[in-house]
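>>> Predicted structure and sequence below. I'll ask about it afterward.
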Amino acid sequence: MRSPEELTIAFREAGLKVTPQRQLLFRLLHNNCAHPTADALYSVATEQMPGISLRTVYQTLNDLTSMGEIQSIDVGTGSSRFDPNVSDHHHAVCDECGAVHDVYVNQAPEMRGLNGFAVADARIVYRGLCATCSELAQHR
Ligand SMILES: [Zn+2]
Ligand SMILES: [Zn+2]
């Protein structure tokens, strides 16, 4: 995802309105590696700018997704998560706290059973316990 300043220009060039609410969302998403849901983003935004609507949050997320600035990911936790990191990566989800981490796989694993199937995209979701939760589990 580009910087909030660059996005402001890109949105205007695309004929989209840029409001202080939208600029706040650009800033909240920039370098955000928490993979927030729309609701999570909304509650953080509300603290900084009371009165921002959930509709604005959804609309801005939609626009950013269709412009390819962020990606919407489904890691099986119910709601879609939003990721400003659009590089090729996978995710690890903690079954305990729901934290989502980026996972980079250097080499494609050797695959069996494709039988000539041409793979266009692969999104792997690893499940388990994050470092914090597995530490807590050991001391329980
Ligand atoms: Zn955890
Ligand atoms: Zn990610």
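Everything's here; your move. Ligands and ions are numbered 1, 2, ... in the order given.
>>> surely residue 41 meets residue 54?
No - taking contacts as Cβ atoms under 8 Å, residue 41 lies outside contact range of residue 54: 9.5 Å. No exception for glycine: its C-beta is placed from N, CA and C like everyone else's.
>>> Just want to know which of these two has more residues nearby.
Each of residue 41 and residue 54 has its neighbours counted (other Cβ atoms under 10 Å); residue 41 has more, 24 against 14.
>>> Any stretches of this protein with poor pLDDT?
Where the chain drops to pLDDT under 70, the residues are 108-109.
>>> now whichever helix in the chain runs longest, how far from the chain's geometric center?
As assigned by DSSP state H, the longest helix anywhere in the chain is helix 54-66. Centre-to-centre, helix 54-66 and its host chain are 13 Å apart (Cα atoms, centre = their mean, to the nearest Å).
>>> got it, and stretch 89-100?
For stretch 89-100, the distance to the chain centre is 12 Å (Cα atoms, centre = their mean).
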